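J.: can't give you the sequence, but here's the structure:
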């Protein structure tokens, strides 16, 4: 059956078999889940077409010269597919260039249109050639012969290759040097193979050149992507470490040791902050202004993450500093606003509720800069919103004036402060927790300690949102006033 095979034919078989084997090894390698999905998808497509091209060529060689009408139809069909696939292989290089250099390029549609036009014309000519013997023919013994116009069969591939050259030149600055060299090798290797084939037509230098260039390109790109992935992993680990450290620093900036003032019997206070990201923009604070006065702060910075956390730290320090200078709540907020507005190029802002409690009398003087309403519980009543007058946010505009108001805390009264992350906690159906549910949860444990109230509130929120992601920082504070002992 294969008596007609020559030494060049055997060499060609070896080259094709080696190429097919290597491609299958790469396809197995591409099953590795550690590779990016888009990388695996592209190269699976690429090597599938290479294998198809090689197998079509191999089948044509095996059928070449075998007698029979069925063989004749088969050999024409296989040759047609071989020539069609070759154009697609050249086009895949265009996709690879854009895939690496500019994944979001708007050239994709134009290049795809160009490809379909060129390949469509190519396939039409191939189909016509089956009957008119334009590119190639088979004699009565089913032996393959190139015709005088065979060179025209390479025009579509050359046309698509011209597009590849344009893309490589246009995006050359986007590539690592090794990858750029590998892409040029893959594109120019077929030309070298064609030149060698003109010298020795019997040996398929074109297939050999394409296979070797494909292997070089694949190994180079995979090695580059692996190196890049490793560098990204290291960078991610570094950022994760830094964010973890920033989270600890931020947590340490807030009062976090409870009971906060174990020696003081006039009040009990507890607070918590649960950031939506590694670090957050919410903050609470409480500190003694003197032996008889306690300052309480609840605030929410616009935005989330690291910028909000930095802005939060600045705001917290300023509020505390101006409060400790002896200013009343409205004057302290006005001073903080002026200071922040002086250098606020990012145009961030912070909502702040600031109160100062006289521990002897229970008189609470407060000012609200655009923050949520506080919630108050009298000794014999439920938790209820205190709809105070809101001022403008801190950092929004210079020259803002704030208004103070007073609350008289009786012995046993409780004050609950929070950020909008509490009522705006959202479940998977995009329903918010809301103020009504917040008040219900507070009144379910109205007689509990501040710590127990916050724990119950946190459990209620988590039970409501279930598996939904947390979109906003969730910060709460609860104070119970006992007053001076009789």
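T.: Looks like it came in fine. For clarity, every value in this text was computed on a predicted model and none was experimentally measured.
J.: now residue 415: how far from residue 366?
T.: Between residue 415 and residue 366 the computed distance is 10 Å (C-beta to C-beta, to the nearest Å). To be clear about C-beta, it is placed using only N, CA and C from the backbone, and glycine gets the same treatment.
J.: Residues that sit against both of these two, list them.
T.: Shared contacts of residue 415 and residue 366, defined by C-beta atoms under 8 Å, 6 or more residues apart in numbering, comprise 355, 374, 407.
J.: quick one: which of those is most hemmed in?
T.: Using other C-beta atoms under 10 Å as the neighbour criterion, residue 355 leads those with 24 neighbours.
J.: Got phi/psi on it?
T.: With angles defined as degrees, to the nearest 10, residue 355 sits at phi -130, psi 150.
J.: Just confirm it contacts residue 368, I think it does.
T.: No - Residue 355 is beyond contact range of residue 368, at 9.2 Å (criterion: C-beta atoms under 8 Å).
J.: Export the shared contacts of residue 415 and residue 366 as JSON lines, with columns for pLDDT and distance to residue 456.
T.: What follows is the shared contacts of residue 415 and residue 366, written out as JSON lines (pLDDT from 0 to 100; distance: C-beta to C-beta, whole Å):
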{"residue": "355", "pLDDT": "97", "distance to residue 456": "23"}
{"residue": "374", "pLDDT": "97", "distance to residue 456": "18"}
{"residue": "407", "pLDDT": "96", "distance to residue 456": "23"}
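J.: what about stretch 165-181, average pLDDT?
T.: Taken as a whole, stretch 165-181 has a mean pLDDT of 85.
J.: Repeat that for stretch 220-232.
T.: Average pLDDT, stretch 220-232: 79.
J.: Now tell me what touches it from outside.
T.: Residues outside stretch 220-232 that contact it (C-beta under 8 Å, 6+ apart): 35, 36, 39, 96, 100, 176, 178, 179, 181, 182.
J.: run the last query once more with 7 Å
T.: 39, 176, 178, 179, 182 (C-beta atoms under 7 Å, 6 or more residues apart in numbering).
J.: Can you mark which positions in it are buried?
T.: The neighbour-count check on stretch 220-232 (16 or more other C-beta atoms under 10 Å) flags 220, 221, 222, 224 as buried.
J.: Doesn't the last one belong to a helix?
T.: Yes - residue assignment for residue 224, taken from DSSP: H, G, I helix; E, B strand; the rest coil, places it within a helix.
J.: Helices along the stretch 351-486 of the chain, start to end?
T.: 434-444, 450-465 (DSSP state H, counting those that start in this stretch).
J.: In a markdown table: those helices, plus mean pLDDT and distance to residue 327.
T.: Formatted as a markdown table, the helices of the stretch 351-486 of the chain follow (pLDDT from 0 to 100; distance: least, C-beta to C-beta, whole Å):
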| stretch | mean pLDDT | distance to residue 327 |
| --- | --- | --- |
| helix 434-444 | 96 | 31 |
| helix 450-465 | 95 | 27 |
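J.: Would you convert the shared contacts of residue 415 and residue 366 into TSV that also reports distance to residue 440?
T.: Formatted as TSV, these follow (distance: C-beta to C-beta, whole Å):
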residue	distance to residue 440
355	24
374	17
407	22
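J.: which residues in the stretch 101-250 of the chain form strands?
T.: Ranges of strands in the stretch 101-250 of the chain, per DSSP state E, counting those that start in this stretch, are 136-138, 144-146.
J.: Which strands border the last one, and is each parallel or antiparallel?
T.: The strands that strand 144-146 pairs with in its sheet are strand 136-138 (antiparallel) (by DSSP bridges).
J.: Next, the buried residues of the strand it pairs with.
T.: 136, 137, 138.
J.: average model confidence for it?
T.: Strand 136-138 comes out with an average pLDDT of 75.
J.: How about residues contacting that strand?
T.: Against strand 136-138 from outside (C-beta under 7 Å, 6+ apart): 72, 75, 79, 144, 145, 146, 147, 150.
J.: Now a PyMOL select for only the buried ones of these.
T.: In PyMOL syntax, the buried subset of these is picked out as below (16+ other C-beta under 10 Å):
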select buried, resi 72+75+79
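J.: of all the contacts of strand 136-138, which comes closest to residue 330?
T.: residue 79 (89.1 Å; C-beta to C-beta).
J.: Do I have it right that that closest one meets residue 60?
T.: Yes - in terms of C-beta atoms under 7 Å, residue 79 counts as a neighbour of residue 60; the distance is 5.4 Å.
J.: Now distance to residue 12 too, for the buried residues of strand 136-138, in TSV please.
T.: Formatted as TSV, the buried residues of strand 136-138 follow (distance: C-beta to C-beta, whole Å):
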residue	distance to residue 12
136	17
137	20
138	18
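J.: hey, where'd the helices end up in the stretch 51-200 of the chain?
T.: When secondary structure is read from DSSP H, counting those that start in this stretch, the stretch 51-200 of the chain shows helices at 69-101, 107-132, 155-170, 177-199.
J.: List the buried residues in the shortest one.
T.: Put plainly, it is helix 155-170. 156, 157, 159, 160, 161, 163, 164, 167, 168.
J.: And these, which is closest to residue 50?
T.: Using C-beta to C-beta, the buried residues of helix 155-170 come closest to residue 50 at residue 157, 14.3 Å.
J.: Quick one: residues contacting the nearest residue to residue 122 once chain neighbours are set aside.
T.: Leaving aside its sequence neighbours, residue 122 sits nearest to residue 156 (C-beta to C-beta, 6 or more residues apart in numbering; 3.7 Å). Residue 156 sits next to 87, 118, 119, 121, 122 when contact means C-beta under 7 Å, 6+ apart.
J.: Just the buried residues of those.
T.: 87, 118, 119, 122.
J.: Thought residue 87 was touching the last one, still the case?
T.: Yes - in this structure, residue 122 is within contact of residue 87 by C-beta under 7 Å, at 5.5 Å.
J.: Roughly how far does the nearest residue to residue 260 once chain neighbours are set aside sit from residue 38?
T.: Nearest residue to residue 260 in three dimensions, chain neighbours excluded: residue 269, at 5.7 Å (C-beta to C-beta, 6+ apart). Using C-beta to C-beta, we find residue 269 at a distance of 53 Å from residue 38.
J.: who has more neighbours, the two?
T.: Neighbours per residue, other C-beta under 10 Å: of residue 269 and residue 38, the larger number sits with residue 269, 23 against 10.
J.: Report the beta-bridge partner residues of the more buried one.
T.: Per DSSP bridges, the residues bridged to residue 269 are residue 479.
J.: Give me the pLDDT for it.
T.: 97.
J.: list the contacts for it?
T.: Residue 269 touches 260, 286, 450, 479, counting by C-beta under 7 Å, 6+ apart.
J.: Let me know the closest of those residues to residue 334.
T.: residue 286 (21.0 Å).
J.: Over to the residue lying closest to the closest one once chain neighbours are set aside. Which of the three states is it?
T.: Excluding its sequence neighbours, the residue lying closest to residue 286 (C-beta to C-beta, 6+ apart) is residue 296, at 5.0 Å. For residue 296, the secondary-structure state derived from three-state DSSP is strand.
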